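Chemist: After the sequence you'll find the predicted model.
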Amino acid sequence: MRVSIRQALHPFIKAKAEELGIGDNAEIVNYLLLQLIEINKDAIADNVPETDNSFEDDLSGLLA
């Protein structure tokens, strides 16, 4: 699968890569997606209302 990251998000991806010590931007995107999946699992397990998508909305806005 091939995706494009918006130019405005490049500094965020680079900063996260530096923070985590990872040189592959694709791995940063994978890491962020896995974090989102984990947060969603926790939200479902804790019976948080499904309408509480603030983090998901923020991240989807960054990745869109």
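Modeler: Yep, it's here.
Chemist: Against residue 4, how distant is residue 21?
Modeler: Separation of residue 21 from residue 4 (C-beta to C-beta, to the nearest Å) stands at 24 Å. To be clear about C-beta, it is placed using only N, CA and C from the backbone, and glycine gets the same treatment.
Chemist: ignore the last one, residue 30
Modeler: From residue 30 to residue 4 the distance is 15 Å (C-beta to C-beta).
Chemist: Compare these two (neighbour count), which wins?
Modeler: Set side by side, residue 30 and residue 4 show more neighbours around residue 30, with 12 against 5, by other C-beta atoms under 10 Å.
Chemist: Report the secondary structure state of that one.
Modeler: helix (DSSP: H, G, I helix; E, B strand; the rest coil).
Chemist: Let me see the contact set for it.
Modeler: Contacts for residue 30 (C-beta atoms under 8 Å, 6 or more residues apart in numbering) come out as none.
Chemist: per-residue confidence for it?
Modeler: Residue 30 carries a pLDDT value of 93.
Chemist: quick one, phi psi at residue 23?
Modeler: Geometry field for residue 23 lists phi and psi as phi -90, psi -10, criterion degrees, to the nearest 10.
Chemist: does it really touch residue 17, like I thought?
Modeler: Yes: at 6.6 Å, residue 23 and residue 17 qualify as touching, with contact defined as C-beta atoms under 8 Å.
Chemist: Those two: which is more packed in?
Modeler: residue 17 (16 against 9).
Chemist: ok, the more buried one to residue 44 distance?
Modeler: Residue 17 is 29 Å from residue 44, by C-beta to C-beta.
Chemist: Also residue 38?
Modeler: 11 Å.
Chemist: Can you tell me the SS state at residue 2?
Modeler: Residue 2 - assigned by three-state DSSP - is coil.
Chemist: Tell me, how many residues neighbour it?
Modeler: 4.
Chemist: ok, it to residue 14 distance?
Modeler: Counting by C-beta to C-beta - residue 2 and residue 14 are separated by 20 Å.
Chemist: Same question for residue 29.
Modeler: 12 Å.
Chemist: neighbour-wise, which of those two wins?
Modeler: residue 29 (16 against 12).
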